[in-house]
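> coords below, sequence missing:
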Ligand SMILES: [Zn+2]
């Protein structure tokens, strides 16, 4: 199966540089300190943030005294893939994802603001259709903003691949992932241009890596724009609802 | 805009999955017409023209054509004609075609990529106005038909505002479909639609096009006709039958001798299952996968040993009297009976295009004629043509379309004519087609992936490659070689060791994985060498120029460099990509002459001498290890420079330099094989040569035994040793013949993916080495390209891609490579045969030969001078009474008449001439000259002479008689 047709369209009808449809909503849960729901195409994830609060359990010993202890947990709902999953969490894959998720988020959170505290971030994939990790990072960022956790900037993740050995594709769907082809996932801080995490499913030739990476970083910037709009809209709405009046645009704490 | 597609899918484990996929609908997909004033497409995207010459008498207005899937699938032969231009191919159609037939898909893509043809692909499935959702209860087919109609309607309304009013100037859209229901619905919806037959008939050059129309949907005149064959079971019934064990699935193989007999190769059954008679065969064609019902044992029969040819004349749609075969059946003894079955359904047709000749109908006015395929295993085919007069003297190609129950013969259509029967170019074409050698011109799409000229080596290239331009490298090849794959160098190092380099054309640099060029090369798999022609695997720009390591030109190479001690032991091996500049492109002869010329001592010569001395050590060591030296008679034709007809046949000479190059190629291949299997244990592409089972050697052992030699076939080494010992001083050709026989006992060497076999199965029997691959000829073998890519990935010079690392994909690729290689080999042999026939067309010649095998009714004679083998029949053709009787002794492998006895290896003199009675199958005829047997042998010829009866035209092409004198006097 060709990832890109002769007419320049991908299997689902997107062009190489187009993201899937992203829909998101902040503050979907009242129990949590912050929450967000995000759909990236058919990949749907829910992120919740608890804290900062006093370290509990084992974390009490592990928590550093000068910054917050960030606890990330990635899981997949049993109904998230076509075939029912037996172990939604705690398997090797989920553990690895949790570590990677933490790596990306810690680079954005101003942990030094919360010494001797713990921050819990739970992300659950409700429906998996490729780019699960990216959707999780993006949803977690929104949930963190919703919780009012201080951040340097948004942590945004995006994937990219290569079609026909030369054309980079952004935001890879499950179908594209499984059709083969190397796959690059990048988590970045788009404003400063820092890369927080980079992972490849296979080796890329050094000729191709730069353009695939560039495509993924562009994707991050596009997603950043969408997340930012969501945050602004959300703040306007909640603000209006609680009678705060118009919020000054510049006044939003990132 | 967005919609989702939901469908159910079954997994390998049998679970049913619900799959939801996103499907984006767009507003930036353009119509591709120059006329359009609404779409904002780029100039180069405008494919469909404005001024159309409309030659159709059915539609007197300009129009674009939209094709239904059935038209593309069934009528691709017609679509390839230039009469079809300005055609809209919908994505719906493109995808269905891709799904249903990859050869047709490839051909369609070739048409689309040809800018002159004006075929535009409209991605209707992603266009917001033309996407249609499947309705509840609607079949996929119906949904696709509707999508095609919706797109057709969209085009009509989309183009309307951009066009002037008035129907004669207005470009309309015509939907071609052979589905009557779809046509009716289209008409109901106000679309213009017609069948391909009606449309083609209305075109100016209709007669020529009509011949090419497929008769797949052809309705025989008089549906009421009595069916001749039993009904085929439906796919569902077949599936259930096989599951229940009532039916068997297998490949049908037609008999060459008897058109009413065949066998089915069923997996798991030791013996082929016999099928007989019109009803038993039930319209199966050679190669088809069929469903078979095994008959009860009481109905089993023995294979008939009669030759039964289909009647000469077209008897119409009636079946033959099978009485003759019935009678045979009665006679069969119970022991000879074999499992017998009958074909009850067809699982998969393996119809292809067939070469053959027309057998014109007696009725001058009829357009229905019979076609006789060259391949005897294929039934005659009924076609319609209006050009029988011109076609009857030509070789033509025909495709089968269908085989209705009411028709005695399958129905087909004329595809194209190859040229006059007997003409060399025609016959070349025939043998390429018959051996399934892809040999059409490279398509525009394939050529688009070639590097742009002028090709220059950039600094970036040099940065990634080792610069070996100052090293004295040279190539040694046969004369006239333009695709130089390999070059060598050798120099002495300061420590007294040698540095030897094998530099192979870096083809994988130019052919990137997955593009059209790569796919085409993978399909072709190998360059095919015919006597007078080469069918390249890659376009000439690469094969003869950019990749070819020509003398004094800078080229990219993949180098394998060893440090060898003086006694040719490897100290170390390096691989890297390089830039080289060959100092000399030599022939074997030239290289040999330079080595032998004591007065020369330049760098090239020093290098050659070093290589030569090392090669000798390598060869000696290899042979000590048990590598086989096998003989197969290789011959070369000396061709007349003007007529290109062969004038003299010479046996190929082997020089020391031949084996010098060979040794280093073997060494490189082995070194590379070790390296890639170490890095990629699962997916390395290797080549193995299995040890033949002992039974294969029986004729060889027997023949040796009768001459007093014990041939030990325990191992390759034993075989090599016993062959070396088997020498007869009175018959210098004896040893060569034994080796020829040994070659025939061998298995085929094959490519395989390392992950598919156990390590001890990697063994290469002929070369006596545990692991082997092909690395040294990437210009002419696709396997080498894969090996190059693997090796490049090993050393970090290039990246891998998913297919390369997928052992199942490699496995199926190997399958194709092995098939193509076998076919290329057969085609090469057939080409030699063809030239032998051309050579003997005008002459009768006496030659010295040897008996190679003794058969029940004939002697197999080997004629060393031409390297050819022929059959000397001892029994007369059927129906004639033998004047001289021979006695066959199976134990002794001899035939005797009176005091004269023929045994294996005995010398004989035979008269060679060409039997041209069957125009499709000319064959070489051998008659005995010596020893003389009255009433059987023919008189010796005073000298080689020509046959007196010849066409006047042919006389001037006749070559002077060969200079060689006959031995027998
Ligand atoms: Zn348009």
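Noted; the coordinates are in hand. No experiment lies behind these values; they were computed from the predicted model shown.

> Please count neighbours and contacts with C-alpha atoms only from this point.
Fine.

> low pLDDT regions in chain A?
A:1, A:59, A:63, A:84-90, A:180, A:203-206, A:240-254 (pLDDT under 70).

> Quick test: name the residue nearest the centre of it.
residue A:137 (1.9 Å; C-alpha atoms, centre = their mean).

> show me what contacts it?
A:101, A:104, A:105, A:155, A:156, A:157, A:187 (C-alpha atoms under 8 Å, 6 or more residues apart in numbering or on different chains).

> Ok, residue B:685 next?
Per C-alpha under 8 Å, 6+ apart, neighbours of residue B:685: B:751, B:752, B:753, B:754, B:773, B:783, B:786, B:787, B:810, B:814.

> quick one, what contacts the second one?
The contact partners of residue B:752, by C-alpha under 8 Å, 6+ apart, come to B:685, B:686, B:687, B:688, B:810, B:811, B:814, B:815.

> Let me know the helix or strand that the last one is in.
Using DSSP states H and E, the element containing residue B:815 is helix B:807-840.

> for that helix, packing partners?
helix B:424-434, helix B:516-524, strand B:528-530, strand B:646-651, strand B:750-753, helix B:782-794, helix B:802-805, strand B:907-915 (3 or more C-alpha pairs under 8 Å, 6 or more residues apart in numbering or on different chains; DSSP states H and E).

> and the ion, which of those is closest to it?
Taking C-alpha to the ion, helix B:516-524 is the member of those nearest to the ion, at 29.2 Å.

> now what about that closest one, what contacts it?
B:437-438, B:445-447, B:449-450, B:511-513, B:537-538, B:782, B:813, B:816-817, B:820.

> Closest residue of the stretch 101-250 of chain B to chain A?
Taking C-alpha to the nearest C-alpha, chain A has its nearest neighbour within the stretch 101-250 of chain B at residue B:126, 5.9 Å off.

> ditto for the stretch 701-850 of chain B
Counting by C-alpha to the nearest C-alpha, the stretch 701-850 of chain B gets nearest to chain A through residue B:799 (4.6 Å).

> quick one: secondary structure of that residue?
coil (DSSP: H, G, I helix; E, B strand; the rest coil).

> What about the closest residue to the ion within the stretch 1-150 of chain A? Give its phi and psi, please.
Residue nearest to the ion within the stretch 1-150 of chain A: residue A:7 (15.7 Å; C-alpha to the ion). Backbone dihedrals for residue A:7, given as degrees, to the nearest 10, come out at phi -90, psi 0.

> do residue B:356 as well
Residue torsions, per degrees, to the nearest 10, at residue B:356 are phi 170, psi -160.

> List the residues that contact it.
B:371, B:372, B:373, B:374, B:375, B:395, B:396, B:397, B:398, B:920.

> now the closest residue to the fourth one other than its chain neighbours: how far from chain A?
The shortest distance from residue B:374 to any non-neighbouring residue, by C-alpha to C-alpha, 6 or more residues apart in numbering or on different chains, is to residue B:356 (4.6 Å). Relative to chain A, residue B:356 is positioned 37 Å away (C-alpha to the nearest C-alpha, to the nearest Å).

> Which ones among the contacts of residue A:137 also lie next to the ion?
With C-alpha under 5 Å from the ion as the criterion, the contacts of residue A:137 include none near the ion.

> Filter these down to just the ones in strands.
Using DSSP state E, the members of those that fall within strands are A:156, A:157, A:187.

> what helix or strand is the residue sitting furthest away from the middle of chain B on?
Of all residues in chain B, residue B:165 sits farthest from the chain's C-alpha centroid, using C-alpha atoms, centre = their mean; the distance is 54.1 Å. Using DSSP H and E, residue B:165 is not contained in any helix or strand.

> Do you know the pLDDT at it?
pLDDT for residue B:165: 70.

> OK, contacts around residue B:514?
So residue B:514 contacts A:164, A:165 (C-alpha under 8 Å, 6+ apart).

> That one in helix, strand or coil?
Residue B:514 ends up coil, using three-state DSSP.

> swap in residue B:21?
strand.

> need the contact list for the residue of the stretch 201-350 of chain B found nearest the ion.
Proximity of the stretch 201-350 of chain B to the ion (C-alpha to the ion) peaks at residue B:203, 27.7 Å away. Residue B:203 makes contact with B:55, B:56, B:57 under the criterion C-alpha under 8 Å, 6+ apart.

> And residue B:475, by the same measure?
Residue B:475 touches B:484, B:486, B:487, B:488, B:549, B:551, B:582, B:584, B:585, B:586, counting by C-alpha under 8 Å, 6+ apart.

> Now with 7 Å, please.
Going by C-alpha atoms under 7 Å, 6 or more residues apart in numbering or on different chains, residue B:475 touches B:486, B:487, B:488, B:584, B:585, B:586.

> Ok, residue B:76 next?
By C-alpha under 7 Å, 6+ apart, the contact set of residue B:76 is residue B:104.

> re earlier: among the ones in strands among the contacts of residue A:137, which ones are buried?
A:156, A:157, A:187 (16 or more other C-alpha atoms under 10 Å in any protein chain shown).

> and which of the residues you listed is nearest residue B:289?
residue A:157 (51.3 Å; C-alpha to C-alpha).

> Correct me if wrong: the closest one contacts residue A:220.
Yes. Judged on C-alpha atoms under 7 Å, residue A:157 makes contact with residue A:220 at a distance of 5.8 Å.

> Stretch B:394-413 spans what distance, first to last residue?
16 Å (C-alpha to C-alpha, to the nearest Å).

> burial count for residue B:554?
By the criterion of other C-alpha atoms under 10 Å in any protein chain shown, residue B:554 has 18 neighbours.

> for residue B:881, same thing?
Neighbour number of residue B:881 under other C-alpha under 10 Å is 10.

> what do you get for residue B:390?
10.

> same thing with residue B:873?
The local packing of residue B:873 (other C-alpha under 10 Å) involves 17 other residues.

> before we move on, what about residue B:572?
A count of nearby residues for residue B:572, using other C-alpha under 10 Å, gives 11.

> go on, residue B:294?
Under the neighbour criterion other C-alpha under 10 Å, residue B:294 is assigned a count of 19.

> about what we covered before: generate a ChimeraX selection restricted to the buried entries among the contacts of helix B:516-524.
Here is the ChimeraX command that picks out the buried ones among the contacts of helix B:516-524, judged by 16+ other C-alpha under 10 Å:
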select /B:437,438,445,446,511,512,513,537,538,782,813,816,817,820
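
> before we move on, back to that, hmm, which two among the contacts of residue B:752 are most spread apart?
B:688 and B:810 (15.0 Å).

> Endpoint to endpoint, stretch B:510-517 covers what distance?
Stretch B:510-517: ends 9 Å apart by C-alpha to C-alpha.

> Right, I'll leave it there.
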